[in-house]
Every structure is written in structure tokens, then in C-alpha cells.
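Participant: my questions concern the predicted model and sequence given below.
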Amino acid sequence: MTISSTISGTISTGTTTTTDPGPGGAPDDVERVDVVVIGAGVTGLTAARGLTRAGREVVVLEARDRVGGRLWTDRVDGVDLEIGGQWVSPDQQALLELIDELGLTTFSRYRDGDSVYVGPSAQRQRFTGEVLPVEEKAAAEMTRAIEVLDELAAAMDPDRPWAAPFAAELDQITFQAWLEDQCTQQEARDNLGLFVGPAMLTKPTHAFSALQAVQMAASAGGFSHLVDSEFILDRRVVGGLQQVPRLLAEQLGPRVRTGQDAQFVEWRDGEVTVRTGRAAYVAERLLVAVPPTAVSRIRFDPPLPPVHRQLREHLSFGLVIKVHVTYPEPFWRADGLCGTAFSPYQTVHEAYDNTNDGDTRGTLVGFVSDERADELLKLDPQRRRTRVLESLATYFGPRALQPSSYFESDWVSEDLGSGAYGVSFDVGGLTRFGPHLREPVGPMEFASSDVAGLGFQHVDGAVRVGHQMADRLLA
């Protein structure tokens, strides 16, 4: 289900000539357009659509053989799986408006019944609502810390986190150190850390700053939203969220070129030349709509300014393994469980009922993050599967050990992605380099969901940034 396209020649509005050999030594077919977009994820496609609607000649170059970037819906063992991103929350207005415009429909995540929490004693506890059944002192500390984080997030402009009055102070300490200062109870620290570290940034809490944690909260409308799975994991798109970039690409037609890996960019005032090894494209402007870490795959002549090269050295993806486990039926529902489970002490730190709309089978989705993912990736596939299923059985009982289908989405092994869900800075990096994230370089712009304010790391952020980039390029 990839977007087929011509890999050289012309689009309906462009012109083609032949130029001198490119860096690889082979002659290039040269196509002239107004704007070249590198990356057919949601950001690049949204920007490209805005530009074409304004009458600009655009070409979108995608190295993969599919569009969508970190959105990928595929059929595995007869089950449609959301290998990449999938959820839509009520505050993601830019994405919701686009879903509606594209004629897509959504359905609610299954929520009927109890959730499960496994604490440090490994005892399984059933509960309802969003308040974890932790020890009373830990619960009180969590409530107070969430209030503080909500206040900090409310005082921050998510587009400019480095400008917050507390930015310098919080960017110099890790989120783990901040939690240790705020909470005396280890269980409180473990669970608060889970919501930002393993669950969102997919890194240990000692690997990023407290300011990065507050930015994550501000981008979601408050820390209270991050700890509320009822809110942040609200709905899914019938047929999969990758339909959004697929339909955008269909609207753009032959302007989208898959299998075209942008390897070399030559830029001067007023003109950019992009070479893919198959063809060359000359334009007035360039939008590099890939994660910041992927920019380093491109050779620039002249090189990017030092601060732009340095900032990308201080950004990195986290590590998460997304596991999709399907059963002949959603057996947990008969036991009065909704399929939601949490534990900072388990191999699978969170799990949800991910059954597809109208499917009689039951599918659970679970996540193994950061240092626990390191451990799993050292194991052979069978032992890894056993560890995951044993963790799910701790939540849902022995029937979880007998799936009909099992699949892992391991994005760190994906060459063009190298991690999930988005990039974040190391300690001190957000205030030092953050102001340069959206800074243009000559005729070039750089954007993805990783640089969004509202919707940071989410598809909603990709849509917002795509609209912003189209406006800037048109201006």
C-alpha cells in the first residue's frame, strides 16, 4: 500500500533538464520547482499540500517505499496493526480537523471494567479511574507533585520553553533529581517518572532535564493530561492512523516521490539543489521535514552552521519496543478488566486493549522502554517473547501466555527512524540549543513533530508545524 510514483522526469508543473554529474558521478535528471520537501511524513505532506493549494510547484522526496514516517499501519498474521503512532486525544484539534476533512472516522478505546496496577511488591491490584492504588503517603506526594508540575507547565509557552523564568534552573538538573527533591516515597517517584520517562520520552529519568519534563507536560496541556490515559489515549482512526498521510499523498499525486533518498544538498542564496542518487531537484526553498537526528544523514554544501550541527548532537531518540499480542477473543473483558495496566516495576510498563474496530479477536498493545528494552534486545526472539508474555500474564492472568499472534515494533532498528516516539535533549540542551530548532538556514527550513510546541512528539504537532512551515515558505 505504498504510493507509486515516477522517480525521474517531470511533474505536471515542473521542467526537466540534464546537469553535470552529481556527487555519485552519474548524470542527473534535473527538475525545477518552487519548493522541495524532504520527508513524506505528516509534517512534510501537510506543508506540501498548503503550498500547492497556494499555487506553488512542489516535490516531496521520501527515502522509504511508503509515506507516513512514524505512522505505519500494516497487516501481520492477518491482523491490522498500528506499528507506529495511533492515538488521538480531545485536545489535538489540528489533527482532529484534518481527520474530519479527510473523511476518516474514529472509535473509542475500550474502557469498560477495571484497570490493573502492579506495585513494588509484585502484587496485582484492580482499580477504577485514573488514581493509581499506591500507598497513602505515596499517593499524597504524587498529588502534590502533579500540582506543582501543572503550575510550571501553565507558566511555560510550549513553543518557547527556554524562555520560562525557571528554565535555566530546571534544565541543569535531571528529572530524577527533581523527583527526589519533591518526593520522599520511592513509589511516588517511580510512578511520576514512568509517565514522562518510559511512557513518553522513552528514556530513563536520569537522562533528561526537569525542564524537558515540564515542556512535555506543557505541550499536552498540563501534567494532569499525561497521567490521564482516559484523555491522552482517547480514540483511534478506523483503518489506522497512517490513512492520514496516505490520503494527503493521494491529494498531492505524482508530486510525492517514494524511494528517493535525499543524500546531498547544495545551497546558495536564492537556490537549493537536492540530489537523491536518481535525480536532482532545484528549487528556491527547501523544507527538511525529517526528525532532527536524521538531518545528519544528508551532506550539505556548504555545511550547516556550527550551532545547527551541534544541536543535533545533543538530541536523541529514546528506545521503546511496542508489542502487539492478539488472542482468539478479548478474554480480559469477561474477567471485568478493560485491558489497561501500569507498573514501573514490570517488563511491560503499560498495556491497553488495542482491539480493532469490529474485530471479534482481542489485541493487547504493550510497551517496553529504555533500560528494560536494552535488556530485552540482548535476548533471542523466543526468550524476549516469553518475558513479554509473562509480564502480560502478571496483569491479565495465565491466558495471556497463549496468543494467536505476536509482533514487536522495534523502531530503534529502523534505519530511517532510529527510535521513538520523538527526540529530546540531554541535560542543559533545551536552553542552550532550543532557540535554534526552528531557525532557518539560508533558503532552508527544518521541521517535524519533534520541534512542535503544542502536540510535541504527536501527530497533532506534526500537522501544526506543517501548517506553520507552509505559511513561512509562502511569506
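Facilitator: Received it, and whenever you're ready, just let me know what you need.
Participant: centroid-nearest residue for the chain?
Facilitator: residue 421 (3.5 Å; C-alpha atoms, centre = their mean).
Participant: and the nearest residue to it once chain neighbours are set aside, backbone torsions?
Facilitator: Spatially, and ignoring its direct neighbours in sequence, residue 421 is nearest to residue 457 (5.2 Å; C-beta to C-beta, 6 or more residues apart in numbering). The C-beta positions use only the backbone N, C-alpha and C, and glycine is treated the same way. Main-chain torsions, residue 457, degrees, to the nearest 10: phi 70, psi -10.
Participant: ok, now how distant is the residue lying closest to residue 149 once chain neighbours are set aside from residue 111?
Facilitator: Distances taken as C-beta to C-beta, 6+ apart place residue 223 nearest to residue 149, at 3.8 Å, with adjacent residues excluded. According to C-beta to C-beta, to the nearest Å, residue 223 stands 21 Å off from residue 111.
Participant: looking at these two, which has the bigger crowd around it?
Facilitator: residue 223 (26 against 15; other C-beta atoms under 10 Å).
Participant: the more buried one reaches residue 154, doesn't it?
Facilitator: No: here residue 223 does not reach residue 154: they are 9.7 Å apart, not a contact under C-beta atoms under 8 Å.
Participant: now the helix or strand where residue 266 lies: buried residues?
Facilitator: For residue 266, the enclosing helix or strand under DSSP states H and E is strand 264-268. Residues 264, 265, 266, 267 are the ones in strand 264-268 that count as buried (16 or more other C-beta atoms under 10 Å).
Participant: how is the chain carved up into domains?
Facilitator: Listed by automatic domain parsing, the domain ranges of the chain are 15-69+242-304+441-474, 106-112+232-236+319-413, 138-226.
Participant: any idea which of the ones you listed scores lowest on pLDDT?
Facilitator: With a mean of 91, domain 15-69+242-304+441-474 has the lowest mean pLDDT of the domains of the chain.
Participant: phi, psi of the closest residue in space to residue 320 that isn't next to it in sequence?
Facilitator: With C-beta to C-beta, 6+ apart as the criterion, residue 320 has its nearest non-adjacent residue at 4.2 Å, and that residue is residue 202. For residue 202, the backbone dihedrals (degrees, to the nearest 10) come out as phi 50, psi 40.
Participant: from residue 300, how far out is residue 202?
Facilitator: In this view, residue 202 and residue 300 are 29 Å apart by C-beta to C-beta.
Participant: now swap in residue 62 and tell me
Facilitator: As judged by C-beta to C-beta, residue 62 and residue 300 stand 19 Å apart.
Participant: out of these two, which sits in the more crowded spot?
Facilitator: residue 62 (31 against 19).
Participant: which parts of the longest helix along the chain are buried?
Facilitator: Using DSSP state H to define each element, the chain has its longest helix at helix 136-154. Residues 138, 139, 141, 142, 145, 146, 149, 150, 152, 153 are the ones in helix 136-154 that count as buried (16+ other C-beta under 10 Å).
Participant: so the fourth one touches residue 190, yeah?
Facilitator: In other words, residue 142. No: using C-beta under 8 Å, residue 142 makes no contact with residue 190, being 10.1 Å away.
Participant: number of residues surrounding residue 59?
Facilitator: 27.
Participant: so it is in which element?
Facilitator: Here residue 59 is assigned to strand 58-62, by DSSP H and E.
Participant: and the following helix or strand past that strand, C-alpha only, in CSV?
Facilitator: The helix or strand immediately downstream of strand 58-62 is strand 73-76, counting by DSSP H and E. Output of strand 73-76 as CSV, limited to C-alpha atoms (Å, rounded to 0.1, in the frame of the first residue of the first chain):
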residue,chain,number,x,y,z
THR,A,73,-0.4,0.6,9.6
ASP,A,74,0.3,-2.9,8.3
ARG,A,75,-1.2,-6.4,8.3
VAL,A,76,0.7,-9.0,10.3
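Participant: list the buried residues for stretch 93-106?
Facilitator: When burial is assessed from 16+ other C-beta under 10 Å, stretch 93-106 yields the following buried residues: 94, 95, 96, 98, 99, 104, 106.
Participant: so which of those belong to helices?
Facilitator: Going by DSSP H, the helices hold 94, 95, 96, 98, 99 from these.
Participant: any chance of the residues you listed in CSV, plus distance to residue 382 and pLDDT?
Facilitator: Listed next are those as CSV, based on distance: C-beta to C-beta, whole Å; pLDDT from 0 to 100:
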residue, distance to residue 382, pLDDT
94, 43, 97
95, 38, 97
96, 41, 97
98, 41, 98
99, 39, 98
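Participant: just to revisit the earlier point, residue 434 is nearest to which of the domains of the chain?
Facilitator: With C-beta to C-beta as the criterion, residue 434 lies closest to domain 138-226 of the domains of the chain, at 4.4 Å.
Participant: straight-line length of the closest one, end to end?
Facilitator: Taking C-alpha to C-alpha, to the nearest Å, domain 138-226 runs 18 Å from one end to the other.
Participant: make 22 the starting number, not 1.
Facilitator: Sure thing, new numbering starts at 22, so read that last one as domain 159-247.
Participant: circling back to that earlier point, is it possible to get TSV of the buried residues of helix 157-175 that adds distance to residue 278?
Facilitator: Formatted as TSV, the buried residues of helix 157-175 follow (distance: C-beta to C-beta, whole Å):
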residue	distance to residue 278
159	54
160	54
162	53
163	50
166	49
167	47
170	44
171	45
173	44
174	40
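Participant: enumerate every residue touching residue 367.
Facilitator: 139, 412, 415, 416 (C-beta atoms under 8 Å, 6 or more residues apart in numbering).
Participant: so what's the backbone phi/psi at it?
Facilitator: Main-chain dihedrals, residue 367, degrees, to the nearest 10: phi -100, psi 160.
Participant: also residue 247?
Facilitator: phi -60, psi -30.
Participant: surely it touches residue 222?
Facilitator: No: contact criterion C-beta under 8 Å: residue 247 and residue 222 do not qualify, at 10.7 Å.
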